[in-house]
Structure formats: C-alpha cells, structure tokens
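Chemist: Next one to model:
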Amino acid sequence: MARIAATLGDPRALTGLGARQVASAGPAALGIVDGEPGFADGPFAAGDLHAVGEVVLHNRAELLGALAKAGDPAPPDAPDGALLLRLYARLGAAGVRAADGMFVLVIADGTDLVVVRDHVGARTVFHTRAGGTVAVSTSLRALRHWPDLGTGLNLAAVRSFLTFAYLPGDETLLRGVHEVLPGRIVRLRGGAGHEGTVREEVFWEATEAVDEATTADGHAATLRALLERATSLRLPQAEPAAVLLSGGVDSSLVTALAAKLHDQEVRTYSISFGHDLPNELAYSGLVAAHCNTRHQILSVSGEAVAARLADTVALLDSPVGDPLTVPNLMLAEAVAGDGMRVVLNGEGGDPVFGGPKNLPMLLYELHRDDPSPDARSLAYLRSYRKCYGDLPALLTADTLRALDGEPGPERFVAPYLSPGTMRSHLNRLLHCNLRTKGAHHILTKVERLTAARGLQGRAPLFDRQVIDHAFTVPPRLKLAGTDEKWILKEAVRDLLPATIIDRPKSGMRVPVQQWLSGPLKELADDVLLGSRTSGLFDPVTIRAWLRGEGALLPRQGGKVWLVLTLELWLRAYDVV
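Modeler: Numbers count the residues shown, from 1 in each chain. As a prediction, this is how the structure comes out:
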C-alpha cells in the first residue's frame, strides 16, 4: 500500500516527504510514499510526459477505442495510469473527461507539474510550495512532515470544519496547503514568490440542461439504463461482489442491481448498534433476502468506538465529524476479512437526486425577505445544524480575534447558490451538495477508510453519466411534493419490494449521546479538558456541553463529537 508524491524545483525534497524517487523529468521528481494506505502506481511515460498516479478506470474498452480512433492505439493491457496519461497527452482535457473512474494523476510536463483529479472526487490530492519548490502528494501527512514547509494551523479551516463537519473546498487545516478540486486539471509552475503560478482548468462540471420534452417514464428508463451501466462497470471481475447495505433505498437499489447483473455471489454487510435503538436492520434483512445475498450484520459497541476512534481519525487527511467513521472502518475490515477487494456502496443518492436537507432550504427560499447577497448562503450554513451558531461561545476570545477579517465559510457555497448559476433552486442546492459534501465528506471518507484496509470503495450513484442525466430531469420529478428522490425510486421500482421504495427515510440512529455519557466519556474528558488541548475552545463552554448543559440540545452529542474529532485529528497530525 502506498501513495504518490512529486516535487518540482528540488528533487531532494522527495526525501523530506518520506518518498522514494521512481522517476525524474527535468526539474520534476516523481515518488512513492510507502506505508501509506493507497493505490500508488507508476511511473508511466507518454512522449516527453512522465507520471505517477492512483488510477482506477471503469470504462477501459471505451477509452482504448477513443485512442485508436485518434490514431494512438494503446496496448490492451496498459495499466490504468498509463492509459489515462496517454489520453491526456493525445486528447488533453477531452481525454480526461472521457475517463470514467477514480483517479489522481501527477504529470511532469517540462517545467510544470500537472495534477489531474477525477470528476467527482473519489481520489484526493494536495499541493503546496516552500521557497522555489512545489510539492504534491495524495498524503497530507507527507506534506505535513516536509521540513522545508513552515506551516501551522489554518484557523479559517477550523471555522469551516465546525460549520460543515468537513472541509468543503480547497482549504486544509495546514496553512499554505491546498486540495485540488474535483473535475480540475491544475498546472503548477515552480519558482519563489510571484514567479510560482497555479493555473486551473475545469474539465467537467455538472450542468443544468432540463429536458421537459421527455416523459417521466422516459427519464426513468434512461436513468435505469445508466444505473445498470454504472453498477456493471464497477463490479469486480470473476469474483464475489460486496455491497454495504443500510436498508435505505440507495444502498438497496445498488444491492438489487449487483444481484441482477453479477455472475458471482453478492455479499451484503450491515451495521447494528443494538436492537434497543431505532435501526433499519429489518429493511436491510428484507433486501438481502429479496436479492438472495449472503448477509452479515456487524455489531458495533460504544467500547469499540472509544478504543478505535483516535486511530480512525488519524487515517483521514482532513477530519470528518461523522460518528460513522469507526463503524465504516470496521465494515471495511469485515469485507476485507472475507477476501474481497472491491466493495460497492449506495452513496450519492441524496446529493444527486434530492435527498434530505433540501426541503428546509426550499421553504426558506419561499418565505425569505432578506435581500442581502449573503442571506441564502448563511441560511445554508445554519441548515447544517453543526457549530456555526455556537462559534461566539465555543471559540476562545483569542481565536475569535485571530479570525477577524478572515474570509467566512459562506464563500464555499455562494458560487453554487447564486442566482444565474442554474435556473432551478433545487438544482442549485444539489450542485452545492455534490461539490461540497459529496466530494469532501462522503467520497473522501469512503476512499480513505476502505483504502486503509486494502479495498476499493466504489459508488455507482456518483457515476458521471448518472449525474449528467440527473441535471436533465425536471426538478419536480426529483422532489415530487415531499417525496424525495422520486425519479430514482421509479427507475428501480420493479427491483425492490414496495416496502423499501415507498417508506419514508428514517436513517440509522447512531447513539452518540449514549457513547459520550458512557464508553467515550473518559476519552472526551481527557481530550477536551486535559492539558494537551489545542486552546481553540472556551473551557467553560466545553464543560457545560460535556455536562449536557447549554442551549445546544437536542444535537448536543453531534456537536461534542465534532469538537472531539477535531482535537484528535490535531493530535494525530501534531498541528498547533
């Protein structure tokens, strides 16, 4: 298991990143960071270009055909990274756009480094510079340990994390280190000060193209064909398939499609926090029986979460304030323990087809009387119901003063929610969800935690062609009254019991508050009130929250979890 790294300007900097050099091209050096959970491969060459990458392509046959048509046929057994490099060398951005997969490719091109990230963000990559040297890596930890990089805590990113429970854009918690956004080709040029440049090219973005001429049945039929294609392309070859099955409609439809399309056994995996809590085990069991899968239920105790939380947080390049992180890692271990290499999931249905959290914003839009340009974005931040409204009491006076004048987190959502971006406000919300929570929470969590156990986590509902079609479907067919994801349900209605399709979304209740009052209490008290705290948070507020006091109910557990996750991440990465 390994991740990739590259430097421009000083090849010796690779050593500081903990990487071994595998290729050089002029002022650039390409390397592999061993011991990091990832899928590094390379070097690859195409003409004067050299590259390393973490690349999985789902549509190899189509891409080989495109290269042959362009007069540059590739060997049928070319590695995925070599094939993607060849597409870029021959066809530029159009070649990358045609690739369907999960990828980061770092290319040495003359005096530049070119960084390519896949359409939706299934792979993650970061870049920074120190003096005249540029460094790129899919491992934030490698950049953190680069001796030449004098960095520290990015307070603006702290505020963003407390607002969203993840980092929604190109910022990281390290000053001067930036994440490449999905669907982008970023060209980095070396040089100190203003001599160094960053140029960004968008090779794919979701575009609204509502098709009112096609009937609802026609849209559903097209979507069904695209879902079958997306699932089929992501199924492993000549081996059993694994699917994470929660019992909701999204994971259920992926399970049903896998069972229909795969010629091998399908194995499904669900989580239980105990039968005394609201859960969806009856629904996941119903789907497993209906689809004839080999089903396994993994019991997750609060004691296991407490014992493993710190190590799990340390696996994430950017923290995710999601209480399912440890259970997700344990699921990955169960799947890997069964000898599987690929696991499918149902992630993507909500941000692409109109799941929860859109109705409150649509109601706000209907009744809002605040004409200010920032009103819509600020309402979106409040709708997350995280710590945004608590920041004046949660952060220390020194932290608040240091943040004065820093750009606010609304800057990450305003470009998607502004009038003129898309005609439908629902589509604006979905576009925002796709490019923020989809890329920087859902996909990055899935990728890091599955890769940590040697698995490829694949999400058919985040398929680029599925997303493109979703933005042609009239909004009234996605959110039909209060029926969320209506067109998605209609596309697979024949595959699943009506009990699954038509039930309201309930979701799995994660017993965060019980954990914090029981098995996690000692850890939370030590991390949030001990001598090693970051100094970011007001101790009076933290003590009140830990005692269950204050005005944060009924989401007290989620907010404490958010602060605890951040403190554990800062310890793991030794950031002050």
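Chemist: where's Gly457, which helix or strand?
Modeler: According to DSSP states H and E, Gly457 maps onto strand 456-458.
Chemist: For that strand, which outside residues touch it?
Modeler: 39, 56, 102, 234, 332, 341-345, 446-447, 449-451 (CB atoms under 8 Å, 6 or more residues apart in numbering). Every residue, glycine included, has its C-beta placed from N, CA and C.
Chemist: Double-check that Glu200 belongs to a helix.
Modeler: No: secondary structure of Glu200 (DSSP: H, G, I helix; E, B strand; the rest coil): strand, not part of a helix.
Chemist: is it in a bridge, and if so with what?
Modeler: As for beta bridges, Glu200 partners with Val186 under DSSP bridges.
Chemist: re the thing from before, from the contacts of strand 456-458, keep the buried residues only.
Modeler: Among the contacts of strand 456-458, those scoring as buried are 39, 56, 102, 234, 332, 342-345, 446-447, 449-451 (criterion: 16 or more other CB atoms under 10 Å).
Chemist: can you map out the strands along the stretch 51-200 of the chain?
Modeler: 101-109, 112-117, 126-130, 133-137, 178-179, 184-189, 197-202 (DSSP state E, counting those that start in this stretch).
Chemist: in its sheet, what does the first one sit against?
Modeler: In other words, strand 101-109. So strand 101-109, judged by DSSP bridges, has these partners: strand 49-57 (antiparallel), strand 112-117 (antiparallel).
Chemist: wait, which of the ones you listed is closest to Val326?
Modeler: strand 49-57 (24.4 Å; CB to CB).
Chemist: what angle do the closest one and strand 133-137 make?
Modeler: Relative orientation of strand 49-57 versus strand 133-137 (axes from the mean of the first three to the mean of the last three CA atoms, to 10 degrees): 20 degrees.
Chemist: Now tell me what touches stretch 424-434 from outside.
Modeler: 120, 206, 208, 210, 350-354, 357-358, 361-362, 365, 380, 413, 416-418, 421-422, 467, 470-471, 475, 478-479.
Chemist: likewise stretch 10-20?
Modeler: Residues contacting stretch 10-20 (CB under 8 Å, 6+ apart): 5-7, 21, 24, 27-29, 31-34, 130, 132-133, 135, 137, 142-143, 145-148.
Chemist: Can you give the distance of that stretch from its chain's centre?
Modeler: 28 Å (CA atoms, centre = their mean, to the nearest Å).
Chemist: Straight-line length of that stretch, end to end?
Modeler: 14 Å (CA to CA, to the nearest Å).
Chemist: How about stretch 269-286?
Modeler: 13 Å.
Chemist: per-residue confidence at Pro147?
Modeler: Pro147 is assigned a predicted lDDT (pLDDT) of 95.
Chemist: From Asn345, how far off is Val335?
Modeler: 11 Å (CB to CB, to the nearest Å).
Chemist: what residues are shared contacts of these two?
Modeler: Common contacts of Val335 and Asn345 (CB under 8 Å, 6+ apart): Leu244.
Chemist: Tell me which residues touch the one residue sitting closest to the centre of the chain, please.
Modeler: In the chain, the centroid-proximal residue (CA atoms, centre = their mean) is Leu443; its distance is 2.5 Å. Leu443 makes contact with Val120, Gly121, Ala122, Glu347, Ala459, Phe462, according to CB under 8 Å, 6+ apart.
Chemist: which among these gets closest to Ala259?
Modeler: Nearest member of the contacts of Leu443 to Ala259, counting by CB to CB, is Ala459, at 17.5 Å.
Chemist: Ramachandran angles for Leu315?
Modeler: phi -80, psi -10 (degrees, to the nearest 10).
Chemist: Without its sequence neighbours, what residue ends up closest to it?
Modeler: The shortest distance from Leu315 to any non-neighbouring residue, by CB to CB, 6 or more residues apart in numbering, is to Ala452 (4.9 Å).
Chemist: His145 versus that neighbour, what's the distance?
Modeler: On the measure of CB to CB, Ala452 and His145 end up 19 Å apart.
Chemist: Compute the distance between the spatially most distant residue from the centre of the chain and Asp311, please.
Modeler: Distance from the C-alpha centroid of the chain, by CA atoms, centre = their mean, peaks at Gly71 (36.0 Å). Computed as CB to CB, the Gly71 to Asp311 distance reads 51 Å.
Chemist: and Ala238, helix, strand or coil?
Modeler: Per three-state DSSP, Ala238 ends up coil.
Chemist: Find me whatever residue is spatially closest to Phe39, sequence neighbours aside.
Modeler: Using CB to CB, 6+ apart, the closest residue to Phe39 is Glu54 (4.8 Å).
Chemist: what's the neighbour count on Asp109?
Modeler: 18 (other CB atoms under 10 Å).
Chemist: next one: His295
Modeler: If you count neighbours by other CB under 10 Å, His295 ends up with 18.
Chemist: Need the three-state assignment for the residue nearest to it when sequence neighbours are not counted.
Modeler: Of all residues not flanking His295 in the chain, Ala288 sits nearest, at 3.7 Å (CB to CB, 6+ apart). Secondary structure assignment for Ala288 (three-state DSSP): helix.
Chemist: Report the contact partners of Ala288.
Modeler: Contacts for Ala288 were tallied using CB under 8 Å, 6+ apart; they are Leu245, Thr255, Thr268, Ser270, His295.
Chemist: Tell me the confidence at the nearest residue to Met1 once chain neighbours are set aside?
Modeler: Among residues not flanking Met1 along the chain, Pro37 sits closest, at 4.9 Å (CB to CB, 6+ apart). If you check Pro37, the pLDDT there is 93.
Chemist: Assign Pro37 to helix, strand or coil.
Modeler: coil.
Chemist: follow-up on the earlier one: among the strands of the stretch 51-200 of the chain, which is nearest Glu228?
Modeler: Of these, nearest to Glu228 by CB to CB is strand 101-109, at 17.8 Å.
Chemist: and the angle for that closest one with strand 126-130?
Modeler: Using the same axes, to 10 degrees, strand 101-109 lies at 30 degrees relative to strand 126-130.
Chemist: can you state the direction angle for strand 101-109 and strand 184-189?
Modeler: 20 degrees.
Chemist: how much distance is there from strand 101-109 to the middle of the chain?
Modeler: Worked out by CA atoms, centre = their mean, strand 101-109 lies 18 Å from the chain centre.
Chemist: Keeping just the C-alphas, turn the helix or strand hosting Leu449 into PDB.
Modeler: For Leu449, the host element (DSSP H and E) is helix 443-451. Presented in PDB, the C-alpha positions along helix 443-451 are these (Å, rounded to 0.1, in the frame of the first residue of the first chain):
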ATOM      1  CA  LEU A 443     -16.300  10.300  -1.000                       C
ATOM      2  CA  THR A 444     -13.100  11.200   0.900                       C
ATOM      3  CA  LYS A 445     -14.300   9.200   4.000                       C
ATOM      4  CA  VAL A 446     -15.200   6.200   1.900                       C
ATOM      5  CA  GLU A 447     -11.900   6.300   0.000                       C
ATOM      6  CA  ARG A 448      -9.600   6.700   3.000                       C
ATOM      7  CA  LEU A 449     -11.300   4.100   5.200                       C
ATOM      8  CA  THR A 450     -11.700   1.400   2.600                       C
ATOM      9  CA  ALA A 451      -8.100   2.000   1.200                       C
END
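Chemist: Okay then, goodbye and thanks.
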